[in-house]
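>>> after the sequence you'll find the predicted model.
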Amino acid sequence: MGVNPKLTRLLSIPAPLLAAKLAQVVAARMRAPALRAADRSRSTYGPKTGEHLGRVLRGREWAFADTPDWLSQANDATLRHEFDLLGSGPKRVALQAKQDEALLKLLARHLPEGSREEAASLAARLPASYKPLDWQLDFRSGHRWPVPKWYRDVPIALGHGADIKVPWELGRLQHLPLLGLEYASADDKRAAQLWDEFKAQVVDFQAQNPPRWGVQWRCTMDVAIRIANVLLARDMFLAASAPWEEAFEVELARMARDHAAHIVSNLEWSPAHTGNHYLANVCGLVFASAYLPRSAETDAWLAFAVQELVAETEKQFLGDGGNYEGSTSYHRLSAEMVLLATALTLALPEEKVHAIEHSETAEWKRKPPLRPAPRPMFGVRGSVFRSPFPPAHFEALVRMRHFTESLSKPDGTVVQIGDNDSGRFFNLGDPKTPSLDHRGLIQALDALAKTGKNMPSDPAARIVRLLSVNLPASSLPPAAPIHGDWSEPAAARLAELFSLAEPLPIGRKQHYRVTLGPGVWEGLTVAEFPDFGVYCLRSDRAYLAFRCGRLSHDGRGGHGHSDALSIELWADGKSILRDPGTYTYTADPAARNRYRSAAAHASPHVSSHEPNPLDVSMFLLPDRCRSQALVCGDAGVAGCHFGYQDLLTRVVRLTPDGLEILDFLTGDGDGRLAREDYEALKGPSHVCFSPGYGQMEVANT
């Protein structure tokens, strides 16, 4: 009798994580029938209380004096309801139905009974010229998720190429702040178009997506990102003198409250694990509760969200600045969330700061708990302002910046380590900017530190600078380089490692020589990130990144890849060796595993073996390698790992015109190295380079 693969996967999950997950699943399933029935019979829209949202963004210094071409082109596409998301290519996304009566009939036929009347009332407010979007459609595969599904019943992985991330990406509404960005520099006719489109899309979304029904409420992370983008866009419009409309403001306030309540009731938290999803929940709740009027409930929401923002920043970012999920792209996403939520909190009026400090604990009945009042507040060096953020929080932000800058190659693109789903919190730059270009994050982190006298060019960085007006530049510490504790000079240690491989036969060792050009390493600098597990050697003409360390620090490896001892190499404007990327998640499980396999990376690899099991889960990857760095310096870098029966060692030694790579196996096993020549290091031909989620280059060169 064969071993049950499901049981094997369960036994592979760490015991605390498994116990926590099982407890959450059991509790959720016990509550689900009653909650589902109640949501079907009653309206899930919150009541219209007549309350108004507050304002945080002041002034218009974030706006362009003249609209750049890329911004008008991006908004032209939005006005046409044409979107290019996650490798889809430009696609018009509209319901195949006429406006007015047809849409009302569609809502009446598909929405749950309790919410139909309110949805129809919202739809009736849409302009006759507006063509509703299809918010449930994966417009890459053509699959459409059904609206009547209660949010917890919505399936995530369907197979046959359907990808739930496509409708989620549209439903994040990250294109709406771009409308507000152009509004500030547009003429009257164009400004009216942008303002009308913003209002219509918000009402359209509300009409077709009642709270807790359909694909757009399935993932709390996306709910949180959506409301943060809607609120920022609305604040940008009003800061640029958009007309006040009472009915729309009341609807926006209800939308913000419904989203905040959903976040609070569906936190992606467990005592065993938190990650970027929970961090997004927290940051979205910061935005919603910052804009909602004060009450005992919203005060508790804000206090909890800021408390967890501080705690998760400390937990999810390592001592060297890297993110603990083992991905440079998720580092960018999580750093953006921390930065924007921090900047918004710094701009809150005194009465909101008082709420953070003194709100009642009894108003928070969820886990994790809200700490008792009064909560700690901290002085800011060089200012009378008091902040809920300890000095270590700002030190972490500075280290995040140092990490991103050091992992960016001379062409501005970041070394791709781990998963890349092209995720952003806000995306206020040119949509055509490559996903691997993280310079916008560096600008935004610099804006917090008030680096430079002039306003930064990146719009998000400008907003950060305006929001963080209460934080003097002198209050942020400089980034201190992180260095390993190497007991011997690098050159001597590397030579010693080379000598260990001399008696080994071919197959147990492989030696590659790479010629780049005379003087290619002149002006070399070294940056070490031992907590994250990457070592960077940079000159004006060349860049080498060596991956060696824990696959992740979160106990899951869910966004890590089997990339131990892999290298990324760039020289004289050209990528020579590079990580293959991610390409996809649930739409193609086989491709998911191909892209995160050791065989796909520029790493040493034993024939017909993977060092880490890929069949546990698409978002679990146990780390059996236990990689260890052996030496790093201006002569080169080396490390080893234990993912095979034998000890596998890689040595990278710099030469005057390039580098040498030596891989070798030591121990009692009979493994043979799979890479027979230097070209094979570029990975198999069927794993083409993916620069972003859903994207694939034609050739892997």
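Done, it's in.

>>> can you pull out the helices in the stretch 251-400 of the chain?
Assigned by DSSP state H, counting those that start in this stretch, the helices in the stretch 251-400 of the chain fall at 276-291, 296-316, 328-346, 350-358, 391-406.

>>> give me the contacts around the shortest one.
Same thing as helix 350-358. Under the criterion Cβ atoms under 8 Å, 6 or more residues apart in numbering, residues 290, 294, 298-299, 302-303, 306, 345, 348, 373-375, 377, 386, 388 lie in contact with helix 350-358. Bear in mind the C-beta positions are built from the backbone N, C-alpha and C, glycine included.

>>> these: which two are farthest apart?
Farthest-apart pair in the contacts of helix 350-358 is T298 and R386; separation 20.6 Å (Cβ to Cβ).

>>> between these two, which one's more packed in?
Legend: neighbour count by other Cβ atoms under 10 Å for T298 and R386, higher for T298 (24 against 13).

>>> list the helices and strands the lengthiest helix in the chain packs on?
Assignment by DSSP state H gives helix 15-41 as the longest helix of the chain. Where contact means 3 or more Cβ pairs under 8 Å, 6 or more residues apart in numbering; DSSP states H and E, helix 15-41 is packed against helix 113-123.

>>> the helix it packs on to helix 15-41, inter-axis angle?
70 degrees (axes from the mean of the first three to the mean of the last three Cα atoms, to 10 degrees).

>>> for the stretch 301-450 of the chain, give me the ranges with low pLDDT.
Across the stretch 301-450 of the chain, nothing is flagged by pLDDT under 70.

>>> and with 90 instead?
379-386, 449-450 (pLDDT under 90).

>>> W195 contacts W244, doesn't it?
No. Applying Cβ atoms under 8 Å as the test, W195 and W244 come out as separate, 11.4 Å apart.

>>> list the residues that contact both of these two?
Shared contacts of W195 and W244 (Cβ under 8 Å, 6+ apart): none.

>>> ok, now which ones touch the closest residue in space to H605 that isn't next to it in sequence?
Take H605 and drop its neighbours on the chain: the residue closest to it by Cβ to Cβ, 6 or more residues apart in numbering is A674, 4.5 Å away. Listed by Cβ under 8 Å, 6+ apart, the contact set of A674 reads 599, 605-608, 680.

>>> and with 7 Å instead?
Neighbouring residues of A674 by Cβ atoms under 7 Å, 6 or more residues apart in numbering: 605-607.

>>> with A94 instead?
81, 131-134.

>>> got it, and D531?
318-320, 322.

>>> same thing but 6 Å
Applying Cβ atoms under 6 Å, 6 or more residues apart in numbering to D531 gives the contacts 318-320.

>>> likewise for N470?
Taking Cβ under 6 Å, 6+ apart, one finds 346, 385 in contact with N470.

>>> how many neighbours does the closest residue to E268 other than its chain neighbours have?
Excluding its sequence neighbours, the residue lying closest to E268 (Cβ to Cβ, 6+ apart) is H277, at 4.1 Å. Counted with other Cβ under 10 Å, residues neighbouring H277 total 17.

>>> can we start the residue count at 514 from this point?
Sure thing, new numbering starts at 514, so read that last one as H790.

>>> state the distance from H790 to K880.
According to Cβ to Cβ, to the nearest Å, H790 stands 16 Å off from K880.

>>> other residues contacting the helix or strand containing A741?
Using DSSP states H and E, A741 falls within helix 733-752. For helix 733-752, contacts defined as Cβ under 6 Å, 6+ apart pick out 570, 573, 681, 685-687, 689-690, 693, 696, 769, 772, 775-776, 779, 781, 790, 793-794, 797, 800-801, 804.

>>> name the helix or strand of this protein that has the lowest mean pLDDT.
helix 518-525 (a mean of 52; mean pLDDT, DSSP states H and E).

>>> from S872, how far off is the residue lying closest to P903 once chain neighbours are set aside?
Among residues not flanking P903 along the chain, F891 sits closest, at 5.3 Å (Cβ to Cβ, 6+ apart). According to Cβ to Cβ, F891 and S872 sit 18 Å apart.

>>> likewise for V928?
V928 is 42 Å from S872, by Cβ to Cβ.

>>> again, but for W999
W999 is 49 Å from S872, by Cβ to Cβ.

>>> go on, S778?
Look at S778 and S872: by Cβ to Cβ, they are 18 Å apart.

>>> count of neighbours near the nearest residue to G1086 once chain neighbours are set aside?
The spatially closest residue to G1086, leaving aside those adjacent along the chain, is D924, at 6.8 Å (Cβ to Cβ, 6+ apart). Neighbour count for D924, taken as other Cβ under 10 Å: 13.

>>> compare the contacts of D1044 and tell me which is most surrounded.
Neighbour-wise, these (other Cβ under 10 Å) top out at L831, 23 neighbours.

>>> residue contacts, it?
Neighbours of L831 in contact, by Cβ under 6 Å, 6+ apart: 837, 1044-1045.

>>> what do you get if the cut-off is 10 Å, keeping everything else the same?
L831 makes contact with 837, 844, 909, 912-913, 916, 995, 1042-1046, 1062-1063, 1066, according to Cβ atoms under 10 Å, 6 or more residues apart in numbering.
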